[in-house]
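Chemist: what follows is a predicted protein model with its sequence.
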Amino acid sequence: MAPEPTGPTVGARKRAWPVVAPADLIRRPVTVRAYLSTLMSTTKIIRANHGKAATAGLTEAVTAFKNGDPLTAVTVVVTDHAQGIRLRRLLAARSVGGPSVAGITAIRMVTLLDLSRDLTAGAVELEGRRSVSDAVVLAAARRVLAEDPGVFGPVADHPSLERALLAAHRDLREVDAGSIERLARLGGLPAGLASIHRTLLHRLAPHFHDERERSDLAAHRLRQNSISLPPLVVHLPGRLAASERRLLVALAEAGPVTIICGHAEGHPDPEAEALATMLGLALPGSPAPAASVERLVISVPDQEEEARVAVRQILDAARTGTPLARIAVVHPPSSDYVRLLHERLRSSGIEFNGSSVRRLDETTVGRFLLGALSLSANGLRRVDLEALFATAPLRDPDHKQVPESAWGRLARRSGVVGGLDDWTMRLELLAAEFTTQCTEEESADARPWLIDRLDRDAEQCRRLLAFVTGLDRDLRRIAAARSWNARCTQAGRLLGRYLGSDSVREAWPVDELLAMETARSVLDRLALLDEVEPDATLAGFCRAVAAECRRPLSREGRTGQGVQVLGVDQSPGLDVEVVILLGLSEGLMPTRPANDALLPDATRLAAQTGLPVRHDHTTRQHRGFAAAMTAASRRVVLVHPRGDLRRSGERPPSRWLLAEIEAFTGHRPDPGELAQTTASWYRHVASFAQALTVDEPATDQEYELGLLLGGRAVDATLYLADPAFRRGVDCISARLSPKLTRFDGNLAGVTIPGLDTGELSSTRLERWVECPFAYFSEYVLGVRSEEEPASGIHLSPLVRGSIIHRCLERLVGERLEHDTLPGPGRPWSVADHQRLSEILVEECARADARGEAAHPLFWPVIRARMDAELQDFLAQDSDTRASQHSTPVAAEYRFGGPTSLPVTLADGRTLRFRGAIDRVDRIDGGGVVVIDVKSGRPDRFRPVGAEAPFPGGTRLQLPIYGL
């Protein structure tokens, strides 16, 4: 018998271990002495405080099993591989009486899943069957829903249902047949869920196996005495699935097993009690309370400041000699916290490790793959293609990098909305327009720079069209494929064709190179789904790719090196010097999980499934909180965010935080009372700015801002080294000074083009009067808003106005050319009305050819409406000319350049105007009438009248034309 560990409290029972041959799966055959010593094995539960005591318990258990022989094999079961790496490092660092405790030789760190895989390796029952994956279950679920959706008919095509069925199927695999039958008898949604679950089992069983089957098969083989194992230590097991519990019982019956259960004073652990009951053991008594450590409670305004406080606390601990690997930051189960912490730690240059929340769909490769697949479903919309350009440095058919900005500008200018026909027609028209302008420029006053630009734009239009045509062809190949393997092959080619070859991607960041490998692995896995879903649709393929791309990529950093960043559920097993516990506000810790849509708590309890309910989720989270509280040997920092920038309202302190304060102070404060506390264990951070003036800076930015806020002199080296910082310092200093500086609007010495520079249009002058800043932005800085092309029920106002102006200009021009204009005061003839309608048809046809027309369904209605408006205009114009005795004498009368209109101002400056007058009429007897046609709403011109010809100087067009 191996000696029992000393120190922590132990509960044990005698068990006989059958004499069997050593298994081939262990790394080193068990020696005769070690093998005989296990014939009278014991199963023990050791109860130890989390942190250093739990690690000591593990050390003693391993030492006892080795019994002086460092080569004796011992298997340690951990909850995850990261914990195994941390424990291996801790065991290597510990020493008892000098040398390392039996070393770490022949110690194997595995999870229960790893153990079940080893125990079932080569099993006949699994021969010819693969391990099931989420993609396989999702594919099978889609096929079942397509054939017989049952109660899920109305939402059978929704991707969320597939994911919910996957989670429910995984849960129900741990439920016995009796509970499934009870679930079916509940009727309605539970019965439909039970039916789909059974169908999935029936279809997947011939070709696949899962963790539950492996665990049960491993337990069966152990009971059949067909396998031998080295001594086993189960370290802080936590909550186990039903199949894992059965495997653990079989392991305890087959050989020596020591189970280490964590303990936290004042925090009962129902999981440990359930484990002892399952094994038929009495749970040992509570160990002596752990030594008290320093505690600090910090209240901060929000989560962003929480992350900054965590970084400052890490640096404080490092200054006192604490290695980074002995510091842990524990956060609530929220991806927002993980992202925020990782960003802050990177910006501070602090090495860390932890679970990654960055998914494949957040990488360049993943965004491109999903974006390209969505293009086909959405009809090659321009906005989607521009979004695709923004995801990655794409390559065109000539392997050149895509000029995404230039192509986006040209696509918008061409008026493309979507569809290959639309792309082809509009880009060809735009390229032809550029070519025509280039030819005209060559025959006129040649401007080489303009000719080059027009030629480049035409070539870019052709390149863009070739790119879109090729992309459409590749996407059609994916859509036309009829198997998973063919679609995945085409999607893989898509990655290589548009993201470049391996040599092109050599300069990519390492993360993106790994993302490319991951994307190809995803496609390789999905290519094997033909036997599960042989008739998958394109939508199903896209959903499967999207589901696989939502998985986290990998861990951040190297486990065991740098600060440990982990969720509260992962904190059991921690053994560090400093723990920084974040998110101690109600709603964050504990969180409030939503009720499962398919398997709500009421259904789980009614069917007696034994599955965890929401209360169990809170219990598990509390166990992690308690483990984190006792994992530190020197200091625990508890951080409470009072608010959240993403939502309104204030967050009260967590009930767990208040309970901990009561435990070490003897008094439970109210939230309001806590904010007024002046004790040394409490710190209140009012704001980010206040923290900069009190705490040590954690980043270069905080150091720079602290200098400014503190009114201290800025370091000259820093001031000169960073241009952005230098400009910021100058701006703040200038605005705080009593002088008028360039940051307050002093433009002395700055050359700014004035209104008297070049020629002005009347509309530009009106813009300056209405809003000088808008004039500055548009005409000085050149910042203009671009109209988004759209195919809808309305015609673009610019296109509509252009058509109306062109129709009226052509009518007057033709009548002037043939000298058939109506005389002074004479109305427009019937022939004139008919000709105007004919001109409208011609201009609308040209707009249609240019791709500027509205949707074909609404285009006839819009044409009829414009025709009615033009006929009304002629009728009203006849009445107006009759009252004035006038007749048209010019249309689209242009002035500018040599014929520009000079206007001398009172200060001697001269403004020169250019423009085009829509129509000029001559009054019989002398005088002219200037007419400007407006096709928009008349509201802007209602104030114009005899008493106010240009109200406020904002309507200057007609007065300038009248000059």
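Modeler: Cool, got the structure. Numbering: from 1, shown residues only.
Chemist: can you tell me the element the residue of the chain positioned farthest from its centre falls in?
Modeler: Within the chain, the residue lying farthest from the chain centre (Cα atoms, centre = their mean) is Gly925, at 73.9 Å. When secondary structure is defined by DSSP states H and E, Gly925 falls outside every helix and strand.
Chemist: same deal with His622?
Modeler: helix 614-631.
Chemist: and whichever helix or strand comes after that helix, C-alpha only, in PDB?
Modeler: Of the helices and strands lying after helix 614-631 in sequence (DSSP H and E), the nearest is strand 632-641. Once non-C-alpha atoms are left out, strand 632-641 reads as follows in PDB (Å, rounded to 0.1, in the frame of the first residue of the first chain):
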ATOM      1  CA  ALA A 632      -3.400  34.200  -3.500                       C
ATOM      2  CA  SER A 633      -0.700  33.800  -0.900                       C
ATOM      3  CA  ARG A 634       0.100  37.500  -0.600                       C
ATOM      4  CA  ARG A 635      -2.600  39.900  -1.900                       C
ATOM      5  CA  VAL A 636      -6.200  39.900  -3.300                       C
ATOM      6  CA  VAL A 637      -7.500  43.000  -5.100                       C
ATOM      7  CA  LEU A 638     -11.200  43.200  -5.500                       C
ATOM      8  CA  VAL A 639     -12.400  45.700  -8.200                       C
ATOM      9  CA  HIS A 640     -16.000  47.000  -8.400                       C
ATOM     10  CA  PRO A 641     -17.100  48.900 -11.600                       C
END
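Chemist: contacts for the helix or strand just after strand 632-641, please.
Modeler: Following the chain from strand 632-641 toward its C-terminal end, the next helix or strand by DSSP H and E is strand 643-644. Counting by Cβ atoms under 8 Å, 6 or more residues apart in numbering, the neighbours of strand 643-644 from elsewhere in the structure are 301-303, 649-651. The C-beta positions use only the backbone N, C-alpha and C, and glycine is treated the same way.
Chemist: quick one: least confident of those residues?
Modeler: The member of those with the lowest pLDDT is Gly649, and it reads 73.
Chemist: Three-state assignment for that one, please.
Modeler: When states are read from DSSP: H, G, I helix; E, B strand; the rest coil, the local structure at Gly649 comes out as strand.
Chemist: wait, what's in contact with it?
Modeler: Listed by Cβ under 8 Å, 6+ apart, the contact set of Gly649 reads Gly643.
Chemist: so how far is Pro333 from it?
Modeler: Distance, Gly649 to Pro333, by Cβ to Cβ, to the nearest Å: 21 Å.
Chemist: do the same with Gly672
Modeler: Spatial separation of Gly672 from Pro333 under the definition Cβ to Cβ is 28 Å.
Chemist: again, but for Val639
Modeler: Val639 sits 16 Å away from Pro333 when distances are taken as Cβ to Cβ.
Chemist: quick one: the helices in the stretch 401-550 of the chain?
Modeler: Applying DSSP state H, counting those that start in this stretch to the stretch 401-550 of the chain gives helices spanning 404-414, 420-443, 448-480, 484-499, 510-526, 538-549.
Chemist: JSON lines for those helices, including distance to Leu324, mean neighbour count and mean pLDDT?
Modeler: Converted to JSON lines, the helices of the stretch 401-550 of the chain look like this (distance: least, Cβ to Cβ, whole Å; neighbours: other Cβ atoms under 10 Å; pLDDT from 0 to 100):
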{"stretch": "helix 404-414", "distance to Leu324": "41", "mean neighbour count": "18", "mean pLDDT": "88"}
{"stretch": "helix 420-443", "distance to Leu324": "54", "mean neighbour count": "17", "mean pLDDT": "85"}
{"stretch": "helix 448-480", "distance to Leu324": "47", "mean neighbour count": "17", "mean pLDDT": "91"}
{"stretch": "helix 484-499", "distance to Leu324": "36", "mean neighbour count": "19", "mean pLDDT": "92"}
{"stretch": "helix 510-526", "distance to Leu324": "22", "mean neighbour count": "17", "mean pLDDT": "90"}
{"stretch": "helix 538-549", "distance to Leu324": "33", "mean neighbour count": "20", "mean pLDDT": "90"}
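Chemist: output the contacting helices and strands for the helix holding His622.
Modeler: Under the contact definition 3 or more Cβ pairs under 8 Å, 6 or more residues apart in numbering; DSSP states H and E, helix 614-631 sits against helix 270-279, strand 327-331, strand 576-581, helix 655-665.
Chemist: show me the contact partners of it.
Modeler: Defining contact as Cβ under 8 Å, 6+ apart, one finds that helix 614-631 is touched by 49-51, 236, 238-239, 262, 264-265, 267, 269-271, 290, 328, 330, 333, 567-576, 579, 581, 589-591, 593, 595, 601, 612, 636, 656, 660.
Chemist: which ones are touching Pro888?
Modeler: Applying Cβ under 8 Å, 6+ apart, we find Pro888 in contact with 812, 815-816, 821, 919-921.
Chemist: Three-state assignment for it, please.
Modeler: strand.
Chemist: which one's more surrounded, Val639 and Pro333?
Modeler: Ranked by neighbour count (other Cβ atoms under 10 Å), Val639 and Pro333 place Val639 first, with 27 against 19.
Chemist: so who does that one touch?
Modeler: For Val639, the set of contacting residues under the criterion of Cβ under 8 Å, 6+ apart consists of 297-300, 306, 309-310, 580-584.
Chemist: which one of those is nearest Ala431?
Modeler: Ala431 lies nearest to Glu306 out of these, by Cβ to Cβ, at 55.2 Å.
Chemist: buried ones in the helix or strand hosting that closest one?
Modeler: Glu306 is part of helix 303-319 when elements are defined by DSSP H and E. Taking 16 or more other Cβ atoms under 10 Å as the neighbour-count basis, helix 303-319 is seen to contain the buried residues 303-318.
Chemist: elements contacting that helix?
Modeler: Helix 303-319 sits against strand 294-300, strand 327-331, helix 335-348, strand 576-581, strand 632-641, helix 688-694, with contacts defined as 3+ Cβ pairs under 8 Å, 6+ apart.
Chemist: partner strands of the shortest one, parallel or antiparallel?
Modeler: Yep, that's strand 327-331 we're talking about. strand 563-567 (parallel), strand 576-581 (parallel) (DSSP bridges).
Chemist: would you mind finding the most buried of these?
Modeler: Stretch with highest mean neighbour count among the strands paired with strand 327-331: strand 576-581 (a mean of 26; mean count of other Cβ atoms under 10 Å).
Chemist: leaving out chain neighbours, which residue sits closest to Ser179?
Modeler: Excluding its sequence neighbours, the residue lying closest to Ser179 (Cβ to Cβ, 6 or more residues apart in numbering) is Thr609, at 4.6 Å.
Chemist: state the pLDDT value of the one you found.
Modeler: The predicted local confidence for Thr609 comes out at a pLDDT of 91.
Chemist: contacting residues for it?
Modeler: The neighbours of Thr609, taking Cβ under 8 Å, 6+ apart as the test, are 171-172, 175, 179, 183, 599.
Chemist: three-state assignment of it?
Modeler: coil.
Chemist: what ranges in the stretch 201-350 of the chain fall below the confidence cut-off?
Modeler: Low-confidence segments of the stretch 201-350 of the chain, defined by pLDDT under 70: 226.
Chemist: what of the stretch 651-800 of the chain?
Modeler: Of all residues in the stretch 651-800 of the chain, those with pLDDT under 70 make up the ranges 704, 707-720, 750-758, 786-793.
Chemist: for it, just list every one of the strands.
Modeler: 682-684, 759-760 (DSSP state E, counting those that start in this stretch).
Chemist: which strands and helices sit next to the shortest one?
Modeler: For strand 759-760, the helices and strands in contact under the criterion 3+ Cβ pairs under 8 Å, 6+ apart are strand 910-913.
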